[in-house]
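Asks: Generate a structure from the sequence data that follows.
(chains A and B)
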Amino acid sequence: MSENLIKPENLVYKKTDVMTDRILHYCPGCAHGTAHRLLAEVIDEMGIQNETIGVAPVGCSVLAYYYFNVDMQEAAHGRAPAVATGIKRVFPEKFVFTYQGDGDLAAIGTAETIHAINRGENILVVFINNGIYGMTGGQMAPTTLQGMKSSTSPFGRDVKTMGSPLKITELIAQLPGAYFVTRQAVHKPANVRKAKKAIKKAMEYQKLNKGTCFVEIVANCPSNWKMTPVQSNQWMEENMFPFYPLGDIKVPEEN
Amino acid sequence: MKELRLMKGNEALAEAAIRAGADAYFGYPITPQSEVIEYLMANKPEERTGMVVLQAESEVAAINMVYGAAGCGKKALTSSSSPGMSLKQEGISYIAGAELPCVLVNVVRGGPGLGTIQPSQSDYFQSVKGGGHGDYKLIVLAPSSVQESVDYVKLAFELAFKYRTPVMIQSDGIIGQMMEKVELFEQMPRVEPDYEWATIGRKEGKPSTFVTSLQLQAEEQEKVNLRLQAKYREIEKNEVLFESHYCEDADYLLTAFGSCARITRKAMEMARAKGIKVGLLRPQTLYPFPTEEFNRLAGQVKGILCVEMNAGQMVEDVRLSVNGKTKVEHFGRFGGMIPNPDEILNALEQKIIGG
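Replies: Next comes the predicted model:
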């Protein structure tokens, strides 16, 4: 039956060429695949595939360079904003993005994140916040919620001894170098559309040379939250969104 | 036209970076090398050649900015001094692993820890034996004058791009801070990179390029290591540099590198004046090491004294080179102290000639 359906007139969606054909290694239900696709589609729609240089982090998306069909560099843990600075400073006309998780961006790379944005580097930072270290197997992240269990907070995050979850996005929105800061999600079609719009806006702002654009995507981690994809999305809505509310945090003044 | 100037070592090195056609410098202040970035900022290379100069938030950020620029095929460099160099080791390991060319400058000061701001050579092991994690090597050039600080910047970029490997210029607080007459080479043009390994933007119809030091499959990571080792054997074959003084008739050999070699040369002259036939072998590349030359001379001399501003680091490579053929001893002052020619001559007489 499926063979009968595959006809040009039935084609409503085609995978963008800015993503390679390599099979994603991400777990079932993970947000990374959707986030990758949105960024790739934006690059495709803007026609900037050959002018874009991306920076992959250390974390689940360490192999992002296998999936994006644009030139990319793989940075040391937390150093993506510094690597992106090096790229953008020698190639100011290129579109440069980093794609980082919460441990990478908000723990080990906090200094690089804050200072790159404070300098107003004209780059796009895509920040995937799922409140956990995914690749290393579910340890506590800087953004792990109070009381949330992880393999290094097995009885729940105790803020008295482990610190409070870090609202890094609100923090960096204070910096003069941050031009556009927004928090999105990609777990429902409506959110996917909004997130893509935000990424596109951020990438287009890069042409203006007005500073860093920062798109946080609050995401699930079914494997390390030890939930089904559906449960994890529900848990995310009920627990992550109240603490990390979706929406624009800093928008350019002229808008 | 060649140009003669009286310049401080660090400033001359910075000027050489501009003239070598460098595309970018990323650094962080630390004594005794801050004049490098100060000179660059004051001399507006952005206007002169289009070279980018940026003060990073840390040495860690600076070396990763170098990684980014080097990954784009650009000529990038950073400089620091010992504690800062320790911070850069992670990034240097990634640069070596990703096989990117860049130039690193270490104006060495005494350690360990915060140590002292006085000159030292105590980072020999860190520079020559690896420093960061994993099996990698840096080409290490050891200037003993302001002139060599200038000439080695050009050489370092040539070697870095020839082998796609990080090259270190290991200077020290003496060379960095002293003023000497220096002949500057002419301005070289900056080159637009077009290397297939560099991320310069995907070429239409071709697969995209990525820069990485990651191979999750052990078989693949072993291949990377074998490729690196093959490269290091080539470097060892082709790039050894040393300077010999009065070695041909020598009964005894002094060896030293960098600033220490100049003091040691004075000790050699004093020994010669006393009728003792002493030669001096000065490695200019600490890696690759002049192993064969040491081995050759070991068959001729009755002993070798290795003089260093550290507790005995290069002496290990000298011993490995001579492989027991002759006696090898070490004399060092450290923690920022500088040996004088009298105590070197005394050590030669006590440890080698009389010992």
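Asks: A:Ala202 in helix, strand or coil?
Replies: helix (DSSP: H, G, I helix; E, B strand; the rest coil).
Asks: Now do it against A:Asn122, distance only.
Replies: 11 Å (Cβ to Cβ, to the nearest Å). Glycine gets a C-beta too; all of them are placed from N, C-alpha and C.
Asks: List the first helix or strand encountered after the least confident helix or strand in chain A by mean pLDDT toward the C-terminus.
Replies: None of the helices or strands of chain A scores lower by mean pLDDT, DSSP states H and E than helix A:2-5, at a mean of 68. Next helix or strand after helix A:2-5 toward the C-terminus (DSSP states H and E): helix A:32-46.
Asks: buried ones in that next one?
Replies: A:32-44, A:46 (16 or more other Cβ atoms under 10 Å in any protein chain shown).
Asks: Is it positioned near chain B?
Replies: No - Helix A:32-46 is not in contact with chain B by Cβ under 8 Å from any Cβ of the partner chain; minimum separation 10.5 Å.
Asks: what's the following helix or strand after that helix?
Replies: Where DSSP H and E defines the elements, the next helix or strand beyond helix A:32-46 is strand A:52-56.
Asks: Contacts for the helix or strand that comes right after that next one next, please.
Replies: Next helix or strand after strand A:52-56 toward the C-terminus (DSSP H and E): helix A:64-67. Applying Cβ atoms under 8 Å, 6 or more residues apart in numbering or on different chains, the contact partners of helix A:64-67 are A:19-20, A:22, A:24, A:36, A:40, A:54, A:56-57, A:72-74, A:99, B:208, B:210, B:212.
Asks: Pick out the most distant pair among these.
Replies: Farthest pair in the contacts of helix A:64-67 (Cβ to Cβ) is A:Leu24 and A:Gln73. Separation: 19.9 Å.
Asks: ok, these two, which is more surrounded?
Replies: Relative neighbour count places A:Gln73 above the other of A:Leu24 and A:Gln73, with 30 against 16, counting by other Cβ atoms under 10 Å in any protein chain shown.
Asks: Residues in contact with the helix or strand harbouring B:Glu47: which ones?
Replies: For B:Glu47, the enclosing helix or strand under DSSP H and E is helix B:45-48. Applying Cβ under 8 Å, 6+ apart, the set of residues contacting helix B:45-48 from outside is B:18, B:22, B:25, B:51-53, B:187.
Asks: helices or strands up against the first helix or strand past that helix going along the chain?
Replies: Counting by DSSP H and E, the element after helix B:45-48 in chain order, helix or strand, is strand B:52-55. Using 3 or more Cβ pairs under 8 Å, 6 or more residues apart in numbering or on different chains; DSSP states H and E, the elements in contact with strand B:52-55 are helix A:80-90, strand B:24-27, helix B:35-42, helix B:45-48.
Asks: who touches the strand or helix carrying B:Glu222?
Replies: Taking DSSP H and E as the definition, one finds B:Glu222 inside helix B:218-238. Helix B:218-238 has contacts (Cβ under 8 Å, 6+ apart) with B:96-97, B:99, B:135-137, B:139, B:159, B:163-165, B:215, B:287-288.
Asks: And these, which is closest to B:Phe125?
Replies: The nearest member of those to B:Phe125, counting by Cβ to Cβ, is B:Tyr287 at 11.2 Å.
Asks: how deep is residue 195 tucked in, by neighbour count?
Replies: By default, I'm working from chain A. By other Cβ under 10 Å, neighbour count at A:Ala195 equals 27.
Asks: wrong one, I was asking about chain B
Replies: Using other Cβ under 10 Å, B:Tyr195 has 13 other residues around it.
Asks: Might one say that it is in contact with B:Gly73?
Replies: Yes - taking Cβ atoms under 8 Å as the definition, B:Tyr195 is a contact partner of B:Gly73 at 4.5 Å.
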